[in-house]
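*Asks:* only geometry, no sequence info:
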């Protein structure tokens, strides 16, 4: 098992894993929107203020993402 930065060719696996996670979360009643998920993943892949890592064996089996942004309740 290894961890590496995500790439654009990981998109189908990231969407699959994201949908699976979402459907098991308390947000499931909102409904999963693939277009929104793709948009988020593209931002994670291209922004200097984010990170998306893939955990894989022979194929992706997990992921973790992070965004850096000012605290939303106090921009100072």
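*Replies:* Happy to help now that I have it. Owing to the predicted nature of the structure, the values given are computational and were not obtained by experimental measurement. Residues are numbered from 1 along each chain as shown.
*Asks:* Tell me which other helices or strands whichever strand or helix holds residue 42 touches.
*Replies:* According to DSSP states H and E, residue 42 maps onto helix 34-46. For helix 34-46, the elements it packs on are helix 11-24, strand 50-56, judged by 3 or more C-beta pairs under 8 Å, 6 or more residues apart in numbering; DSSP states H and E. For the C-beta atoms, the positions are set from N, CA and C on the backbone; glycine is no exception.
*Asks:* what packs against the last one?
*Replies:* Judged by 3+ C-beta pairs under 8 Å, 6+ apart, the packing partners of strand 50-56 are strand 2-5, helix 11-24, helix 34-46, strand 60-67.
*Asks:* Which among the ones you listed is found nearest to residue 73?
*Replies:* Closest approach to residue 73 among those is made by strand 60-67 (16.0 Å; C-beta to C-beta).
*Asks:* Appreciated, that's everything.
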